[in-house]
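Engineer: for reference, the sequence and a predicted model appear below.
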Amino acid sequence: MAEKTCAACDYPLDENAFQVKIGGKTVEVCCDECAQKLKEAYASAASAGKA
């Protein structure tokens, strides 16, 4: 089975990983900092697309 990695930093995930919803998709991240980075990146990309 393939090893899961953080959606933001590619760090190998362990039992402490958690899921966040970004743009209607659920992704797994290793920490709250990575979750925040993904949310900010998505918000930035979404607002850029509306311009």
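Structural biologist: Structure received. Predicted, not measured: the structure shown is a model, and the values here were computed from it.
Engineer: by contact count, what packs against the helix or strand of the chain with the lowest mean pLDDT?
Structural biologist: Ranked by mean pLDDT, DSSP states H and E, the weakest helix or strand in the chain is helix 32-50, scoring a mean of 92. Where contact means 3 or more Cβ pairs under 8 Å, 6 or more residues apart in numbering; DSSP states H and E, helix 32-50 is packed against strand 18-22, strand 25-29. Where you see a C-beta, it was placed from the backbone N, CA and C, and this is true even at glycine.
Engineer: how about 6 Å then?
Structural biologist: strand 18-22 (3 or more Cβ pairs under 6 Å, 6 or more residues apart in numbering; DSSP states H and E).
Engineer: dump the strand it packs on to CSV, restricted to CA.
Structural biologist: Extracted C-alpha coordinates of strand 18-22, given in CSV (Å, rounded to 0.1, in the frame of the first residue of the first chain):
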residue,chain,number,x,y,z
PHE,A,18,-6.2,15.0,10.2
GLN,A,19,-8.6,15.8,7.4
VAL,A,20,-9.7,19.3,6.2
LYS,A,21,-12.2,20.3,3.6
ILE,A,22,-10.8,22.5,0.9
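Engineer: so how far is it off the chain centroid?
Structural biologist: Chain-centre distance of strand 18-22: 6 Å, with Cα atoms, centre = their mean, to the nearest Å.
Engineer: over to stretch 32-48?
Structural biologist: Stretch 32-48 has its C-alpha centroid displaced from the chain centroid by 8 Å (Cα atoms, centre = their mean).
Engineer: run through who's touching that stretch.
Structural biologist: 6, 8, 9, 20, 22, 23, 29 (Cβ atoms under 6 Å, 6 or more residues apart in numbering).
Engineer: by how many degrees do the least confident helix or strand of the chain and strand 25-29 diverge?
Structural biologist: 140 degrees (axes from the mean of the first three to the mean of the last three Cα atoms, to 10 degrees).
Engineer: ok so, going back, what would the contacts of stretch 32-48 look like in CSV with pLDDT, neighbour count and distance to residue 42?
Structural biologist: Shown next, in CSV, are those (pLDDT from 0 to 100; neighbours: other Cβ atoms under 10 Å; distance: Cβ to Cβ, whole Å):
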residue, pLDDT, neighbour count, distance to residue 42
6, 97, 19, 15
8, 96, 21, 11
9, 97, 13, 15
20, 95, 17, 10
22, 92, 18, 5
23, 87, 11, 5
29, 97, 24, 12
